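# here is my input; please provide its structure:
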Amino acid sequence: MRFFILLLLFNLLPAIAQNAQEIFLNKLTALEKVAYEKHEIDMSGLYEARGFLIETTGITYELEGTFEFPVFPPDHILKAWRAWFEENKYKLYWDAQKKTVAVRKE
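This is a model prediction of the structure:
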């Protein structure tokens, strides 16, 4: 029984301790695919990815009007998020306590 539990935990650890850079890129890439390749994404995924990137990078943009739904980021913001990642990817880490990606302070 202990072996089974250890085996189960061993198989789940990679999913729990995901690479912070990979998480960031997955969210950014999903938005870029929608913008540049016209892929579809569900609204909750769009909203979550956009919020994550704004919170992580501090790069935001003004929403057009007073919409309750997320307004898709303009091209220059997608490029700014990509540039931020290239400059700061080494600072990203998985905060196990908060269960989120965080940015190391210098």
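
# element containing the residue nearest to residue 45 when sequence neighbours are not counted, please.
Computed as CB to CB, 6 or more residues apart in numbering, the closest residue to residue 45 that is not its neighbour in sequence is residue 30, at 6.7 Å. Yep, even glycine has a C-beta here, placed from its N, CA and C like the rest. Per DSSP states H and E: residue 30 is located in helix 20-37.

# avg pLDDT for whichever helix or strand comes after that helix?
Scanning forward in sequence from helix 20-37 by DSSP H and E, the next helix or strand is helix 43-57. When pLDDT is averaged along helix 43-57, the result is 87.

# which other residues reach the helix holding residue 30?
Outside helix 20-37, the residues within contact range by CB atoms under 8 Å, 6 or more residues apart in numbering are 39-41, 45-46, 48-50, 52-53, 56, 72-73, 75, 78, 81-82, 85, 89, 92-94, 101-102.
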